[in-house]
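Asks: this is the structure alone, sequence omitted:
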């Protein structure tokens, strides 16, 4: 669980800029999930990826948001043309194969000014 | 899709007392139910989980019960301590494909010394 790394921890973007959030899963984990958490709210699922594949993106807005998990390197959540409503904490979690337990990273707190 | 409700939204108990948080889910196909603890500004941490083939699971001061017929599950914390103060989230998932979790809205637990 302590092995999930996210960077940056804090990110400030002006409206219209792009935000790139990175997630390195626990070593040996090949499944990555992204969640969004608004202040004082719960976690909302965005997207589930395996290496080089998007398995479920049902929680991700169709426009401006994209995610990838390449064969090498971290998973990336990309938000284009950010708006104030994108301000939130973005958490990624990882799991080993299709096991149930998901372990969360420390999150990236995105602030759009 | 799955919908998870959680009650109460806030809970205050005296140190040493017990705390109980209840969740209900809507999708009878859900078969994995984790509980996460999130301290202010920190990542969600898995504290206990239960699968649908068990009715109860215990880990020291923490226990979870599951009633599949009624589609509800509960977190029980005994002998509460100030460090138990945090937001607790329940979640439900079908689990088979490492699917996304559907989280409840959270319970803010305050343990008063």
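Replies: Structure received. Keep in mind the model is a prediction, meaning the values are calculated, not measured.

Asks: list the residues that contact the closest residue to chain A within chain B.
Replies: With C-beta to the nearest C-beta as the measure, residue B:100 is the residue of chain B nearest to chain A, at 3.8 Å. (C-beta placed from N, C-alpha, C; glycine too.) Listed by C-beta atoms under 8 Å, 6 or more residues apart in numbering or on different chains, the contact partners of residue B:100 are A:33, A:45, A:48, A:56, A:58-59, B:93.

Asks: quick one: is the helix or strand hosting residue A:12 near chain B?
Replies: Element membership for residue A:12 (DSSP states H and E) is strand A:10-13. No - if you take C-beta under 8 Å from any C-beta of the partner chain as the test, strand A:10-13 misses chain B, and the best it gets is 10.8 Å.

Asks: just checking, what packs against that strand?
Replies: Contact partners of strand A:10-13 among helices and strands, from 3 or more C-beta pairs under 8 Å, 6 or more residues apart in numbering or on different chains; DSSP states H and E: strand A:19-24, strand A:108-112.

Asks: can you tell me which of the ones you listed comes nearest to residue B:87?
Replies: Of all these, it is strand A:108-112 that lies closest to residue B:87, at 16.0 Å by C-beta to C-beta.

Asks: how near is the residue nearest the centre of chain A to residue B:85?
Replies: Using C-alpha atoms, centre = their mean, the residue of chain A that lies closest to the mean C-alpha position is residue A:34, 3.8 Å off. The spacing between residue A:34 and residue B:85, counted by C-beta to C-beta, to the nearest Å, is 28 Å.
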